[in-house]
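> any chance you could fold what I've pasted below:
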Amino acid sequence: MTELADRPPFGQTLTSSPSHPLRVIASKLAGSGYVRAAALFLAVRLIGVSVLAAMAAPRGMPLIERLQSWDGWWYLQIAQNNYGGVSNPTDVVGLPYPDAPYGFFPLYPSMTGLIAKLPGMSFVAAGILLSTVAGIAAAAALYRIGRLVDSPRTGLLLAVLWGAAPMAITQSMVMTEALFTALAAWALAGVLERNWSLAAVATLLAGLTRSTATVLIAVVVIAAAISVLRNQQRWAALACIVTAPLGLLGYWAVVAAQIGSVTGWQDVELRGWNTRFDGGAEAWNWLTHTLFGPGNAWETLVSLVTLAAVVLAVVAVTGRRMPWPLAAYAAGVVVLVLCSAGLPFLKSRFLLPDFALLLPIAIGLAHRRTSTMIVTTTSFVLVGAWFSAYSLTVWQYAI
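Numbering: from 1, shown residues only. Predicted coordinates:
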């Protein structure tokens, strides 16, 4: 009788038992919020790339060429040939400028170069793969943040909204937006959880990815300093204060030594792209001229996205449900983008790493009826996909 009792029911094998390790693992993965966030993010990105392909094909634009355009050319050149081997670098007026590549931070091209060493992997495929994996990591972090602040549904919505935001196509390109956002989101998740080691390492790496890390560093260091003053995890917080800025400051120091100027990186940005800090003067002139002057329709749309970011930043700062590190990051990135002059029509792309702006929207949708949430989110995804595709195929100057 014991043997009969131990046998599985007819037609069922031992490997299909609910207690089998593989089934248990599969069940846990299927029910994991992180897996769902990653799956939803990838679905949104598939829609975005499909819309781009549909709009590029009639115009004779190869999809793979679109996915490596603009900054992608620089990152691929650096990944293949290092900073000194970029082919014919020029400044903003088209004159030869050998130091121009130093305007691009090293982490993304370095990782792209490492991935390209895999068998059968091209540099372009390596860059796109890196952005995709980084996007998944970002979606997981956004889910974690949304769950911490409000609920698992908010976390899922935040991952979807970020994956569909204006210019989200860069998350599938040879660009740094996905990698930086992943690092920034995990750094801020570390701050919210007082995991100072996570916050420090993620911030350090973010500082090697793009200059938007200046805002992240300020938020993380202030949060860690508050923890020190309150005598909470004092030594870990002190280590975070010391470690977090090292990536950005270290790269700036390398460029300063290369250029022979304390403000080396800023000098490269000024000559290479006419990018500079002007306190918002150019942004104000551009917005007023575009909205009330003879501006074209596309720049008008970009200016409206910029104004929407300002409104969302105000909501983030004044709202009661936003932890102050997220609100400070949301507002800080908007201020940085508005106060940086040189490329005003790129502001919608520069705002993409500011995922915290979308958190109030995610919270609001999470507490609406399911039908309202689905219709609104789907509309946002489709509009965002068109916005990105139009930028790369018709307007071609917003990337």
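> helices along the stretch 201-350 of the chain, start to end?
Here the stretch 201-350 of the chain has its helices, by DSSP state H, counting those that start in this stretch, at 213-229, 234-243, 246-259, 264-273, 281-292, 297-318, 324-339, 347-350.
> tell me how far residue 265 lies from residue 70.
As judged by Cβ to Cβ, to the nearest Å, residue 265 and residue 70 stand 20 Å apart. Placement of C-beta: from N, CA and C, glycine included.
> correction: residue 201
Distance from residue 201 to residue 70, by Cβ to Cβ: 30 Å.
> what about residue 265 and residue 70, which has more around it?
residue 265 (22 against 19; other Cβ atoms under 10 Å).
> under the pLDDT cut-off, which ranges of this structure? List them.
Low-confidence segments of the chain (pLDDT under 70): 1-31, 295, 396-399.
> max-length helix in it?
helix 123-149 (DSSP state H).
> buried residues in the helix or strand just after that one, which are they?
Downstream of helix 123-149, the next assigned helix or strand under DSSP states H and E is helix 152-164. Within helix 152-164, the residues scored as buried using 16 or more other Cβ atoms under 10 Å are 153-164.
> at the geometric centre of this structure, which residue sits there?
residue 181 (3.0 Å; Cα atoms, centre = their mean).
> who does the helix or strand that contains it touch, helix- and strand-wise?
Assessed by DSSP H and E, residue 181 sits inside helix 177-192. Judged by 3 or more Cβ pairs under 8 Å, 6 or more residues apart in numbering; DSSP states H and E, helix 177-192 is in contact with helix 107-115, helix 123-149, helix 196-206, helix 213-229, helix 324-339.
> tell me which of those helices sits nearest to residue 34.
Within these, the stretch nearest residue 34 is helix 123-149; the backing value is 4.7 Å (Cβ to Cβ).
> on that earlier part again, show the contacting residues for the residue nearest to the centre of the chain.
134-135, 138, 162, 171, 352-353, 355 (Cβ atoms under 8 Å, 6 or more residues apart in numbering).
> at 6 Å instead, please
Contacts for residue 181 (Cβ atoms under 6 Å, 6 or more residues apart in numbering) come out as 138, 353, 355.
> how much space separates the residue nearest to residue 40 when sequence neighbours are not counted from residue 33?
Once flanking residues are discounted, residue 40 sits nearest to residue 160: 5.1 Å by Cβ to Cβ, 6 or more residues apart in numbering. According to Cβ to Cβ, residue 160 and residue 33 sit 13 Å apart.
> one step back: got the helices and strands packed on helix 177-192 as JSON lines, with distance to residue 249 and mean neighbour count columns?
Below are the helices and strands packed on helix 177-192 laid out as JSON lines (distance: least, Cβ to Cβ, whole Å; neighbours: other Cβ atoms under 10 Å):
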{"stretch": "helix 107-115", "distance to residue 249": "14", "mean neighbour count": "20"}
{"stretch": "helix 123-149", "distance to residue 249": "23", "mean neighbour count": "23"}
{"stretch": "helix 196-206", "distance to residue 249": "10", "mean neighbour count": "24"}
{"stretch": "helix 213-229", "distance to residue 249": "9", "mean neighbour count": "21"}
{"stretch": "helix 324-339", "distance to residue 249": "17", "mean neighbour count": "22"}
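> so which of these comes closest to residue 246?
For residue 246, the closest of the helices and strands packed on helix 177-192 is helix 196-206, at 5.3 Å, according to Cβ to Cβ.
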